[in-house]
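S.K.: Pasting the sequence and the predicted coordinates here, then a few questions.
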Amino acid sequence: MTITTLIFHEINQTSRLTIKEVNETLKEFGLYSAQWSILFCLNRFGSMTQTEIQSYLHVEAPTITRTLVKLEDRKLISRLAGKDKRERTVHLTNEAESLIPQIKSRVDLIEKKMLASLSKVELQQLSLLKKVGVCIDHED
């Protein structure tokens with residue numbers, strides 16, 4: 001087994017553990033990590049089109065649509081017509097904006113626990129993960 005294989009295996013396993021722990025935390029809010037990802041994204045960047053959310057989260061359009069419908073049913077987002085009739089802009093509702101700080105504080109606790117064994121230097125090195133995959137061209 002190569003070091004590359006092992007690195008990607010560890011990234012995958014850590015991602016699974018993180019999602020599991022976050023999902024457990026989100027139960028009290030009746031949410032799942034996929035829904036939280038969208039709320040987090042909208043809170044961080046402001047209103048976005050469905051296509052922008054899909055692109056940022058690297059998720060297929062049907063999956064994003066299903067998740068948005070669930071969030072809309074919960075009155076946490078609203079979808080409004082965009083510049084043309086095919087485009088829809090997604091916005092956080094007031095309810096979501098008041099709930100997000102509570103969710104964020106719970107998720108922050110889990111993240112701190114998961115990172116507690118790392119030194120400051122190791123934490124800074126994790127930012128290198130942002131560089132992984134930037135060279136992938138999906139238009140092959």
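M.R.: Structure's in. What do you need?

S.K.: which helix in the protein runs the most residues?
M.R.: As assigned by DSSP state H, the longest helix anywhere in the chain is helix 3-26.

S.K.: Show me what it is packed against.
M.R.: Secondary-structure packing of helix 3-26 (3 or more C-beta pairs under 8 Å, 6 or more residues apart in numbering; DSSP states H and E): helix 33-45, helix 94-115. C-beta here means a position set from N, CA and C on the backbone, and glycine is covered the same way.

S.K.: next helix or strand past the shortest one?
M.R.: The first helix or strand that comes after helix 33-45 along the chain, using DSSP states H and E, is strand 48-49.

S.K.: for the last one, same thing?
M.R.: Sequence-wise, the next helix or strand beyond helix 94-115 is helix 120-126, with elements assigned using DSSP H and E.

S.K.: for the residue sitting nearest the centre point of the chain, what are its contacts?
M.R.: Geometric centre of the chain, nearest residue: S37, 2.6 Å, by C-alpha atoms, centre = their mean. The neighbours of S37, taking C-beta atoms under 8 Å, 6 or more residues apart in numbering as the test, are L57.

S.K.: do you know how far it is from S117?
M.R.: Distance, S37 to S117, using C-beta to C-beta, to the nearest Å: 25 Å.

S.K.: likewise L126?
M.R.: Computed with C-beta to C-beta, the distance linking L126 and S117 is 12 Å.

S.K.: can you check S105 too?
M.R.: Computed with C-beta to C-beta, the distance linking S105 and S117 is 22 Å.

S.K.: Kind regards, and thank you for your time.
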